[in-house]
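Student: Sequence and computational prediction follow.
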6 protein chains.
Amino acid sequence: MGIHTYFQSLTDLERIIRCPGKFKFQEHSVSAHSWKVIQYAKTLADIEESNGVTVDWKKLYEITSSHDYGEIFIGDIKTPVKHYSLELRAMLQKVEEGMVEHFIEENIPEDLKHIFRRQLREGKDDSVEGRILEVADKMDQIYEAFAELQRGNTEKEFIVMYRNALIKIKQVKLHCVEYFLQNILPDLVSEGSRSPIDIEKITNEALAS
Amino acid sequence: MGIHTYFQSLTDLERIIRCPGKFKFQEHSVSAHSWKVIQYAKTLADIEESNGVTVDWKKLYEITSSHDYGEIFIGDIKTPVKHYSLELRAMLQKVEEGMVEHFIEENIPEDLKHIFRRQLREGKDDSVEGRILEVADKMDQIYEAFAELQRGNTEKEFIVMYRNALIKIKQVKLHCVEYFLQNILPDLVSEGSRSPIDIEKITNEALAS
Amino acid sequence: MGIHTYFQSLTDLERIIRCPGKFKFQEHSVSAHSWKVIQYAKTLADIEESNGVTVDWKKLYEITSSHDYGEIFIGDIKTPVKHYSLELRAMLQKVEEGMVEHFIEENIPEDLKHIFRRQLREGKDDSVEGRILEVADKMDQIYEAFAELQRGNTEKEFIVMYRNALIKIKQVKLHCVEYFLQNILPDLVSEGSRSPIDIEKITNEALAS
Amino acid sequence: MGIHTYFQSLTDLERIIRCPGKFKFQEHSVSAHSWKVIQYAKTLADIEESNGVTVDWKKLYEITSSHDYGEIFIGDIKTPVKHYSLELRAMLQKVEEGMVEHFIEENIPEDLKHIFRRQLREGKDDSVEGRILEVADKMDQIYEAFAELQRGNTEKEFIVMYRNALIKIKQVKLHCVEYFLQNILPDLVSEGSRSPIDIEKITNEALAS
Amino acid sequence: MGIHTYFQSLTDLERIIRCPGKFKFQEHSVSAHSWKVIQYAKTLADIEESNGVTVDWKKLYEITSSHDYGEIFIGDIKTPVKHYSLELRAMLQKVEEGMVEHFIEENIPEDLKHIFRRQLREGKDDSVEGRILEVADKMDQIYEAFAELQRGNTEKEFIVMYRNALIKIKQVKLHCVEYFLQNILPDLVSEGSRSPIDIEKITNEALAS
Amino acid sequence: MGIHTYFQSLTDLERIIRCPGKFKFQEHSVSAHSWKVIQYAKTLADIEESNGVTVDWKKLYEITSSHDYGEIFIGDIKTPVKHYSLELRAMLQKVEEGMVEHFIEENIPEDLKHIFRRQLREGKDDSVEGRILEVADKMDQIYEAFAELQRGNTEKEFIVMYRNALIKIKQVKLHCVEYFLQNILPDLVSEGSRSPIDIEKITNEALAS
């Protein structure tokens, strides 16, 4: 019944824990993840700009800050489920969009409805901003998985998460991806060298794949 | 790679929290929930037996103890999502069954495969045991929601959960449902009388619906 | 030693809990708070824009997303300490700025240094964006305090937090402040009417002060 | 005051943490432990059946699901205390039985009293079901201790727990014990080979003792 | 093997939670409890001194700071168990003393053994210091139970704990007990007047009993 | 409003977590820390006494038990901030003293005011008791940091904390410091020999510095 309902719902994402079920040395809420994605995206966009690319900061702000809001409605569905079939994935996305639309219809005042519809859409399109969001989202999977691997967490899920995120990132065409692979990833790998898990090998395999 | 993988995976359900996102005074893991469902089912079956009904205890044991194991694979999908459309529900169930089958194929030795296939199927069929499981599962929703309402939790989700579980229970034809409605529910409502939320009214509306 | 150090440090804000010491029904990390401030600021800026005000979205993005990053260096200093004397406040701000500068000098590559210096400065200036940040930051104090008061938390600190935040907000000259006071705050007060604490009275006194 | 009191008390076991005091990477509640014991016992009984042994599933259900319910009354008494002297152990068991009997007398309706008396008795007798329970209970100690040792927990208590549980299991005459020692334990030991603690050596010493 | 083992064991008491099983708005570790007992005892002893009583501060220091150290060995045994029979209570105390003695024998150097034996003995004797410890220990039960009752916790255990602690305190002959009953308890009761539980009535009944 | 306010405030220190922001395998509250400091100080004082030094046990009791109480008012300010400049440190100490004095003025009865003023002052002076407190406080930093290093925590903060505490301790002239360095520290270093971090080297460098 108004923007109040929307603002109040934000705190729900503090109570949804990422990667449920698996043993973790450190847990992350969806809201903490979202904040870190915003931070990465900001620096990635800065790097694009310094390479002469024009960034639509308003759009970037909108899509990065809201990109996981839909989890309030559908909950935390495991990645393998989402990727089980294109058909299921499309259907789940349709359900999420339907619930978001229903929420906007019920709660957002007329004059703001079009703004919320734009903001709460899926943001990972082919625009510069959509690609930056994609990279930033995957970067947080790398940092979350790395923190576990570095401490010796032997759950395979974190190796898979680290590898898949890296493979996804390297396929995105952006100046900041180059920067990440050349200037940031080596520091991370170097820091992980004392881990019982061979992070360098996993990294090299992912980059070579 | 053997039963060891299965036994070890059980602890994952200690780390999946029910009803994620909503404010709760007390959190419940899926494994704690499962244990309580087993306890309720035992007493419900005792009541059936004392009314002359034959209970297949082996089947009851199997279906109650394993009834939420599949959440290890698909994660915690919110009830509204599951119930969004019959088509989606069927597809999600198919995905879960596929993942369970894949797990059995990969990990369970040949001579035990048929046993695990039987145990990890969906248990809520029309048999006495299937109906007892349905009632026991809903009873735990009542107890979980009641504990929140009693302490003044104003999240609507818990009122909805309490009401829907009660409506579902009263539709099941079992002696133990009669017993629950006449001998257990009144004590619960009476205990909730000091809550700022009118539990008696919610209960009566659900029973009258 | 590079952007990696900066990105990795972000997770530290997930482990700094706001309002330490006081009993709380729900705890909030600095990173979860920061994410909510970004969300409020986005809608507040949308409201400004629909009133014809020009918003610098890049600047808004930068100052809202980084506004509490400095807490990594100085920790969580209680509000009464910060406000004890203008002299102490100035000195603490100088220390924080010194530590941020030291961090940039040590870790951020030359070509990005000027960007980080701009982003990690204090953002609450007199610009539209600075004022939006101020309002958004105080709005989260209102929502955090409200959630406690609504559940009957009798710690005086939350009444003080709610009142002071409201007094601060109403003094800021922005269209979105009008909107908040007329269209959002009444819904919040109305929802709090069942609390044992008289939220309406506290609200009215703050607005009249 | 009725079965309601019993059902409601079950949630207390979600708040009793096993092995209190010692540093643990993962905590386990008594209810989560109980659920896992039920799962192990089910598969152990399946193995007995496939070897031609008759299993009383109703009895197995009753004794495994209730086997730690008495901890609600006496709390978590450390193993060394329980084993300090036969005299003390007998006295503690008498106290627990007295409290359970008092609870049944006060809360359980006349027609169900005999059922609860049977279910809440000590289940680890010499029957097949009692021995399966004994093995399943010790298996969870092995899995709990293993998860700590594997992650490098150096508390001696977990080595002792692992060793003693293994020694106890190998003394029980059951087909499923053979199966566990030959088909499950080797996988577990193999998985633990990367731990800084020599799990294989501890295992072999326990098996040879 | 030396004082190091003793110093290191102290942290175990940070992981033993008081009153396990029962729902609590706030949990307390044994070490946090012990620290508060020391604080109360200090002020109680100050009040004795200002009434002309001589306090042996060294003894008071020793017995208050160590009074729950034995829980490291025997764990958290519920009060009703301890009080089940004089015989059981004596036996449990003997076990605890035996374990403490064993620990001293194994770990404490010869020249310090007599000091540790004196410090780790049961401190609640009839001396002024022993009685102050008894009152301070019960005062923390009052504060812990009060904090639950004030927030509407309806677990009977906390009413019982509050009442029994008050009855015990009022029977102890000390100037500080007078002071507590006349100058401290009324403030506490007054603060609890908004609770849904009638703390004043429970207090008056305990004082009149 | 009386001693009640003081006693009730003690529980706030159970909710202030030491070393906020950094990843820790085990968290410590200020109250748990305080209790351990009291335990160390007791044994350190025993060692002084056995070397013929006179200890004022009342003073030692007062200053060790209250030494972090001021954190209730000023919160958890990071060590680097406190040590940024002598001027800032002096100012922060003045603020803390002002807040403590204000609290005493408002809440403590006239006849106890002088006692609380003495107890809540800064205790680390040049007396035997003040020096014992200094050593005991640093010893807990050693134990807290050691527990992290031993488990492979690679946060530099814990190496710094361990080293600085050791350097501080060795500079204090007390018999118990000799005892600690000769009889306790070697056991600790020996126990840490399996850690991936070279605790022995860090220790030797600190002792040689």
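Tutor: Arrived safely.
Student: Please count neighbours and contacts with C-alpha atoms only from this point.
Tutor: OK.
Student: What about residue A:108, how many residues nearby?
Tutor: 20 (other Cα atoms under 10 Å in any protein chain shown).
Student: can you check residue A:121 too?
Tutor: Residue A:121, neighbours per other Cα under 10 Å, totals 18.
Student: Pull up the gap between it and residue E:44, please.
Tutor: 64 Å (Cα to Cα, to the nearest Å).
Student: How about the residues of chain A by chain F?
Tutor: Listed as neighbours of chain F in chain A under the rule Cα under 8 Å from any Cα of the partner chain: A:25, A:151.
Student: where does the residue most central in space within chain A fall, helix, sheet strand or coil?
Tutor: Centroid-nearest residue in chain A: residue A:137, 2.5 Å away (criterion: Cα atoms, centre = their mean). Of the three states, residue A:137 takes helix under DSSP: H, G, I helix; E, B strand; the rest coil.
Student: And residue A:172, by the same measure?
Tutor: coil.
Student: and the residue nearest to it when sequence neighbours are not counted, what is it in contact with?
Tutor: What sits nearest to residue A:172 in space, not counting adjacent residues and going by Cα to Cα, 6 or more residues apart in numbering or on different chains, is residue A:131, at 7.0 Å. Residues near residue A:131 by Cα atoms under 8 Å, 6 or more residues apart in numbering or on different chains: A:124, A:125, A:172, A:174.
Student: next one: residue A:38
Tutor: Taking Cα under 8 Å, 6+ apart as the test, what residue A:38 contacts is A:61, A:64, A:65, A:136, C:65.
Student: Check which helix or strand the last one maps to.
Tutor: With the criterion set as DSSP states H and E, the secondary-structure element containing residue C:65 is helix C:57-66.
Student: what's that helix packed up against?
Tutor: Under the contact definition 3 or more Cα pairs under 8 Å, 6 or more residues apart in numbering or on different chains; DSSP states H and E, helix C:57-66 sits against helix A:30-50, helix A:57-66, helix C:30-50, helix C:110-119, helix C:128-150.
Student: Return the per-residue confidence for residue A:1.
Tutor: On pLDDT, residue A:1 comes in at 64.
Student: repeat for the one 10 residues further on
Tutor: Looking at residue A:11, its pLDDT stands at 95.
Student: which ones are touching it?
Tutor: Residue A:11 touches residue C:36, counting by Cα under 8 Å, 6+ apart.
Student: for residue A:49, same thing?
Tutor: residue A:55.
Student: Against residue A:62, how distant is it?
Tutor: From residue A:49 to residue A:62 the distance is 18 Å (Cα to Cα).
Student: for residue A:40, same thing?
Tutor: Taken as Cα to Cα, the span from residue A:40 to residue A:62 is 15 Å.
Student: Looking at these two, which has the bigger crowd around it?
Tutor: The residue with more neighbours, out of residue A:40 and residue A:62 and counting by other Cα under 10 Å, is residue A:62; that gives 25 against 22.
Student: Which residue, neighbours along the chain excluded, lies closest to that one?
Tutor: Using Cα to Cα, 6+ apart, the closest residue to residue A:62 is residue A:119 (5.5 Å).
Student: Now tell me what touches the helix or strand hosting residue A:189 from outside.
Tutor: Using DSSP H and E, the secondary-structure element containing residue A:189 is helix A:185-191. Helix A:185-191 is touched from outside by A:199, A:200, A:203, C:1, C:2, C:4, with contacts defined as Cα under 8 Å, 6+ apart.
Student: again, 6 Å this time
Tutor: residue A:200 (Cα atoms under 6 Å, 6 or more residues apart in numbering or on different chains).
Student: From the chain's centroid, how far away is it?
Tutor: Taking Cα atoms, centre = their mean, to the nearest Å, one finds helix A:185-191 lying 21 Å from the centre of the chain it belongs to.
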